[in-house]
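Chemist: Whatever this is, show me its structure:
(2 chains)
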Amino acid sequence: MSAPSDAAPAVSAPAPTTTAAASSGGFTFKLHPLVIVNVSDHHTRVKAQAACSGDSSSSSSAAGAGAGAGQPPRVFGCVIGVQRGRTVEIFNSFELVLDPVSGTLDRAFLEKKQELYKKVFPDFYVLGWYSTGSDVHDTDMQIHKALMDVNESPVYLLLNPTINLSQKDLPVTIYESELHVIDGSPQLIFVRSNYTIETVEAERISVDHVAHLKPSDGGSAATQLAAHLTGIHSAIKMLNSRVRVIHQYLVAMQKGDIPVDNSLLRQVSSLVRRLPAMESQKFQDDFLMEYNDTLLMTYLAMFTNCSSTMNELVEKINTSYERPTTRRGGRGAFM
Amino acid sequence: MESLEALVAHIQGLSGSPEEVAHLHSLLKQADGDSLRAHAAALVPFLAYLSPETHSLGYLYLLEACATSGSNLSEFGGGDFLVTIAGFLTACSADQIRLAPDKFLNVCRVLKDQVMQLNMPIRGIAPLRAAVRKIQSSPEQLTPVHADYLLLCLLAKQYMAGLSILEDDIFEVDQPKDLFLYCYYGGMIYIGLKKFPKALELLHNAVTAPMSMLNAIAVEAYKKYVLVSLIVNGQVPSFPKYTSVSAQRSMKNHAQIYVELSTSYSNGRYTDLETFVQANSATFQSDNNLGLVKQVLSSMYKRNIQRLTQTYLTLSLEDIARSVQLETPRDAEMHVLRMIEDGEIHATINQKDGMVSFHEDPEQYKSVEMVEHIDSSIQRLTALSKKLASIDENMSCDPAYLMKTGRDRGRFDGRFDYDDYDSVPHKFF
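Modeler: Numbering: from 1, shown residues only, chains lettered A, B, ... in the order given. The predicted model follows:
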């Protein structure tokens, strides 16, 4: 879409809102999984409620901005977190209401929520806002600029609910706003930023929990254990195959089939030198004790298995070859 | 029937490849029988023409004919004949003799009888050991030669020689008598070596083996079993489920005195046990068990000291001597020291004040050796469980079993009961 070349620096002028370029801002974004879960939860709830209520009434929270009939409504909210120097860490988020008439977020509500969060998390600031959709909309810049008085450089987090299962990456994108000169006039556009996922232990547990789709009745211990062990088994198998690939590569290099690549060799050498990760007598002792414990449990399990087979075998032998002594009474009833 | 020379020529000629050997075998079978035996005396010089390794089968036939001819072996120069047999047994080729196993067994038995007659059992040990290895189709098979071999080892008091044969686990048994003798003699050898737990295992097998009638070997084995289990465990366990019914009913009646011994032992008083033993020493002697009974007596002390470890953390030597009914603290110290060396208890003796402190098992399970130990045990157990599963399946297909279980259900329920088919093993699907 081409920008109209009028010089009016109208905020609402449709402009190319994104480029494919990565942000040059140098900010490092760290995203906590809680945010992603929150956003997707918000979206799902709204979608479910809209479906329940039957028709697409405009009283749903964000029917306005550009959502066509048949598409799930967009949801909006605010992200909060901590900014330390160049690192922006997004911890949490909460929902906001978009005023469909003016196309802006409800400021009073935002401020009230901000105050409440400040009481509990004094370190957290409003870092930006989020929305759902497959791509950035034209009106998003409006909302973005509106937030600029709270945070001079807010972030925009976009979640794409139409996930493509073949894609391995998360459908979450973070945009920053930058001032670029386009067609002679400086304009704010969204540029994509890279981000990493940062987890605290508690978050990791809950994500694991959700990811493995625990059966509703709690599952029996056996299936849980089996699922757990299967996970570990596939992880180890993958590790093994990767190590094998490296090994083959090195062997080929040694033989001369492949040209020697020093940087790769340095990387492999540093990888190898990272092990053993821990080397102390106490570690050895504890490790061996745990190893022996597991082995003993396996041994015990096998013993029990064997004993039960043996028991069945003895029963069979007794029934076929021994003259029954006390069983005559019972069997007489059938004859 | 061909002349002996022709036969020998055949043997020499036809001992090359397996097909030739099979042909030779049929020829020999034809020539066998009384005709061969009748010429027994003339056979000996012919043996010199044949070599035991290459012409094993022919050699075997001729040898067997000589040996079982019924005439006195001293005709053949007794000692030398023994050497011939011994040489054959060590040198023969396993594949060839497996074609005629019963003849081989006859030869072995003749050897054994001969050495026993000459009262030199030690001469028979090496040849019979070679014979056992050759005739076994797998190390898990039991042959009659096993029992003879163990008997010779016992008579010659060469217990270590018997150990190599005893260490193999037996899974296939042809003749029940072999099993009984093997277990009984094996148990005695282990007792001689003072390896009481293993002796207990073998004697247990002898006592619980399936038998339709009680046999004398099992009764003797039971007597020793009672004594050894008193030494090892301090008590005699009751018969397990897989003991045959006839054994359960009548075994104890034949070994009454041993049962009384075990009850007296469980009371824990050394003097009572001693008087009982002395009162019945004649009976024990006639069973050749007196030595073992004396060992039971001395194990009484050990049992009592072990009981002390469960009550006390430290104890003085005088107290130990008093409660175990030993005479002096010196004796108590000797006993405790010996037990510590054998690994039966964990304790330290403080010689200055004459105190003994008892400890827990110091095994921490944090060594690599323990890992290997447990790992090898798990491997053994895996192999065993596979065997067990296959035996179980075979048993499920056994007609006697199917008949017995079929009779229980089929008569009661005229229509097909699909539950019955669950027990059919899956190899049929």
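Chemist: So residue B:226 sits against residue B:256, correct?
Modeler: No - Residue B:226 lies out of contact with residue B:256 (C-beta atoms under 8 Å); the separation is 10.9 Å. Placement of C-beta: from N, CA and C, glycine included.
Chemist: Between the two, which is the more surrounded one?
Modeler: residue B:226 (24 against 10; other C-beta atoms under 10 Å in any protein chain shown).
Chemist: If you drop the residues flanking it in sequence, what lies closest to that one?
Modeler: residue B:258 (4.3 Å; C-beta to C-beta, 6 or more residues apart in numbering or on different chains).
Chemist: Just the helices from the stretch 301-429 of chain B, written as ranges.
Modeler: For the stretch 301-429 of chain B, helices defined by DSSP state H, counting those that start in this stretch occupy the ranges B:317-324, B:329-342, B:368-396, B:399-410.
Chemist: what's the most buried one of the ones you listed?
Modeler: Mean neighbours per residue, mean count of other C-beta atoms under 10 Å in any protein chain shown, is largest over the helices of the stretch 301-429 of chain B for helix B:317-324, with a mean of 18.
Chemist: Could you check how many residues crowd around whichever residue of chain A sits closest to chain B?
Modeler: Residue nearest to chain B within chain A (C-beta to the nearest C-beta): residue A:320, separated by 3.9 Å. Residue crowding around residue A:320 was assessed by other C-beta under 10 Å; the count is 16.
Chemist: pretty sure it contacts residue B:401?
Modeler: Yes - with contact defined as C-beta under 8 Å, residue A:320 reaches residue B:401; the gap is 3.9 Å.
Chemist: give the contact list for the residue nearest to residue B:226.
Modeler: Applying C-beta atoms under 8 Å, 6 or more residues apart in numbering or on different chains, we find residue B:258 in contact with B:222, B:223, B:226, B:227.
Chemist: mind listing the helices for chain A?
Modeler: Along chain A, the segments classed as helices by DSSP state H run A:33-53, A:107-120, A:140-147, A:201-211, A:221-255, A:262-273, A:281-321, A:328-332.
Chemist: Who are the packing partners of the helix or strand containing residue B:113?
Modeler: Using DSSP states H and E, residue B:113 sits in helix B:101-117. The contact analysis (3 or more C-beta pairs under 8 Å, 6 or more residues apart in numbering or on different chains; DSSP states H and E) places helix B:101-117 against helix B:56-67, helix B:78-91, helix B:125-135, helix B:144-156.
Chemist: ok, now which ones touch the residue nearest to residue A:36 when sequence neighbours are not counted?
Modeler: Counting by C-beta to C-beta, 6+ apart, the nearest residue to residue A:36 once its immediate chain neighbours are dropped is residue A:172, at 5.9 Å. If you count contacts by C-beta under 8 Å, 6+ apart, residue A:172 has them with A:31, A:36, A:39, A:157, A:158, A:159, A:160, A:195.
Chemist: now residue A:172, which residues is it bridged with?
Modeler: Per DSSP bridges, the residues bridged to residue A:172 are residue A:159.
Chemist: Show me the shaky parts of the chain.
Modeler: As the question left the chain open, I've gone with chain A. A:1-25, A:54-71, A:103, A:164-168, A:211-222, A:322-335 (pLDDT under 70).
Chemist: Chain B, not that one
Modeler: Within chain B, the segments meeting pLDDT under 70 span B:1-4, B:15-16, B:32-44, B:69-79, B:408-429.
Chemist: how many other residues sit next to the residue in the stretch 51-200 of chain B positioned nearest to chain A?
Modeler: Relative to chain A, the nearest point of the stretch 51-200 of chain B is residue B:176 (12.7 Å; C-beta to the nearest C-beta). For residue B:176, the count of nearby residues is 14 (other C-beta under 10 Å).
Chemist: swap in the one 5 residues further on?
Modeler: Here the number of neighbours of residue B:181 (other C-beta under 10 Å) works out to 21.
Chemist: quick one, what contacts it?
Modeler: By C-beta under 8 Å, 6+ apart, residue B:181 lies in contact with B:147, B:150, B:151, B:217.
Chemist: got JSON lines for those residues, with neighbour count and distance to chain A too?
Modeler: Below are those laid out as JSON lines (neighbours: other C-beta atoms under 10 Å in any protein chain shown; distance: C-beta to the nearest C-beta, whole Å):
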{"residue": "B:147", "neighbour count": "22", "distance to chain A": "24"}
{"residue": "B:150", "neighbour count": "26", "distance to chain A": "27"}
{"residue": "B:151", "neighbour count": "22", "distance to chain A": "29"}
{"residue": "B:217", "neighbour count": "19", "distance to chain A": "20"}
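Chemist: circling back: identify each buried residue in the helix holding residue B:113, please.
Modeler: Of all the residues in helix B:101-117, those buried under the rule 16 or more other C-beta atoms under 10 Å in any protein chain shown are B:103, B:104, B:105, B:106, B:107, B:108, B:110, B:111, B:112, B:114, B:115.
Chemist: is it true that residue B:162 touches residue B:149?
Modeler: Yes - with contact defined as C-beta under 8 Å, residue B:162 counts as touching residue B:149 (7.2 Å).
Chemist: that older thread, ok, and which of the helices and strands packed on helix B:101-117 has the densest surroundings?
Modeler: Mean neighbour count (mean count of other C-beta under 10 Å) peaks for helix B:56-67 among those, with a mean of 25.
Chemist: With just CA atoms, put stretch B:371-379 into PDB.
Modeler: Output of stretch B:371-379 as PDB, limited to C-alpha atoms (Å, rounded to 0.1, in the frame of the first residue of the first chain):
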ATOM      1  CA  VAL B 371      26.900 -50.700  40.200                       C
ATOM      2  CA  GLU B 372      28.500 -53.500  38.300                       C
ATOM      3  CA  HIS B 373      27.400 -56.100  40.800                       C
ATOM      4  CA  ILE B 374      23.700 -55.000  40.600                       C
ATOM      5  CA  ASP B 375      24.000 -54.700  36.800                       C
ATOM      6  CA  SER B 376      25.200 -58.200  36.400                       C
ATOM      7  CA  SER B 377      22.500 -59.500  38.700                       C
ATOM      8  CA  ILE B 378      19.900 -57.700  36.600                       C
ATOM      9  CA  GLN B 379      21.300 -59.300  33.400                       C
END
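Chemist: Quick check, residue B:61 in contact with residue B:100.
Modeler: Yes - counting by C-beta under 8 Å, residue B:100 is a contact partner of residue B:61 at 7.1 Å.
Chemist: okay, and the common contacts of these two?
Modeler: In contact with both residue B:61 and residue B:100: residue B:28, using C-beta under 8 Å, 6+ apart.
Chemist: wouldn't residue B:370 be in contact with residue A:292 here?
Modeler: Yes - here residue B:370 lies in contact with residue A:292, judged by C-beta under 8 Å, at a distance of 5.5 Å.
Chemist: what does chain A have sitting close to chain B?
Modeler: A:284-286, A:288-289, A:291-293, A:295-296, A:298-299, A:302-303, A:305-306, A:309-310, A:312-314, A:316-323, A:325, A:331, A:334-335 (C-beta under 8 Å from any C-beta of the partner chain).
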